[in-house]
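**Student:** coordinates only, no sequence provided:
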């Protein structure tokens, strides 16, 4: 088992061709890279060469491609220019397939972000075809369901984050509930009317009493 070290930030497939592994390590050393651990047996068994750049500390896993899946990804790779060098970069669809195969939670979160950003442009038929191929080769049956689950989550998240949805939610939160406000005004009007009625009844009841008191006072004065 490889010792812990800097977390790899990239993974690259390398086609050795006529170049030996020792030649590759020597070239990497001249470019400022060093192996993150020494163990030729590990490299032979896993076909992975973990390296780190001495000056920047950037770690990378170099996958030594062989016949099969890696060769297929290299064949479908897209050329990108980096400075004066042209590099083959795996297609987005193949990156998604590789990350689903890796099955780590971080890889699935990466797939979720990639799918959400490329819902309208990604070739999902190619992703499904590749995952079907991998499932058959490895005897697995969980890769395609994982893709569909992540695709559903990505579509739902993209819909929630769309400007139209946000604007609609903003309008809904600021809209005044007219019915409730109207009901409150009606209730206030009724309360006010009831107060006036009670005051009028009280005044009407007190008026006769005051007249009777005046009459009694006049009679007493005459006596």
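**Tutor:** Now that the structure is in, tell me what you want to look at. Note that this is a predicted model, so its numbers are computed, not measured.

**Student:** all strands of the chain, in order?
**Tutor:** Along the chain, the stretches classed as strands by DSSP state E are 10-14, 33-35, 48-53, 59-64, 78-82, 85-89.

**Student:** closest one to residue 120 among those?
**Tutor:** strand 78-82 (18.6 Å; C-beta to C-beta). Yep, even glycine has a C-beta here, placed from its N, CA and C like the rest.

**Student:** which other helices and strands contact that closest one?
**Tutor:** Using 3 or more C-beta pairs under 8 Å, 6 or more residues apart in numbering; DSSP states H and E, the elements in contact with strand 78-82 are strand 85-89.

**Student:** partners of the strand it packs on in the sheet?
**Tutor:** strand 78-82 (antiparallel) (DSSP bridges).

**Student:** ok so, going back, weakest of the strands of the chain in terms of mean pLDDT?
**Tutor:** Note on the strands of the chain: lowest mean pLDDT is at strand 10-14, with a mean of 63.

**Student:** can I get the strands of the chain in JSON lines with mean neighbour count and distance to residue 113?
**Tutor:** Formatted as JSON lines, the strands of the chain follow (neighbours: other C-beta atoms under 10 Å; distance: least, C-beta to C-beta, whole Å):
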{"stretch": "strand 10-14", "mean neighbour count": "15", "distance to residue 113": "16"}
{"stretch": "strand 33-35", "mean neighbour count": "16", "distance to residue 113": "28"}
{"stretch": "strand 48-53", "mean neighbour count": "18", "distance to residue 113": "25"}
{"stretch": "strand 59-64", "mean neighbour count": "18", "distance to residue 113": "21"}
{"stretch": "strand 78-82", "mean neighbour count": "9", "distance to residue 113": "20"}
{"stretch": "strand 85-89", "mean neighbour count": "12", "distance to residue 113": "18"}
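
**Student:** quick one: those as JSON lines, columns for distance to residue 102 too.
**Tutor:** As requested, the strands of the chain are exported to JSON lines (distance: least, C-beta to C-beta, whole Å):
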{"stretch": "strand 10-14", "distance to residue 102": "9"}
{"stretch": "strand 33-35", "distance to residue 102": "22"}
{"stretch": "strand 48-53", "distance to residue 102": "12"}
{"stretch": "strand 59-64", "distance to residue 102": "11"}
{"stretch": "strand 78-82", "distance to residue 102": "21"}
{"stretch": "strand 85-89", "distance to residue 102": "18"}
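
**Student:** so which of those comes closest to residue 128?
**Tutor:** strand 78-82 (19.9 Å).

**Student:** which residues touch stretch 73-86?
**Tutor:** Contact partners of stretch 73-86, identified using C-beta atoms under 8 Å, 6 or more residues apart in numbering, comprise 13, 15, 65, 87, 88, 89, 90, 91, 94, 98.

**Student:** next: stretch 132-148.
**Tutor:** 68, 69, 96, 97, 100, 101, 103, 108, 127, 128, 131.

**Student:** how about these, which pair is most distant?
**Tutor:** Once C-beta to C-beta is applied, those give 68 and 108 as the farthest pair, at 23.7 Å.

**Student:** which of the two has more neighbours?
**Tutor:** It is residue 108, of residue 68 and residue 108, that has more neighbours when counted by other C-beta atoms under 10 Å, with 16 against 11.

**Student:** thinking the more buried one is in contact with residue 150, fair?
**Tutor:** Yes: counting by C-beta atoms under 8 Å, residue 150 is a contact partner of residue 108 at 6.3 Å.
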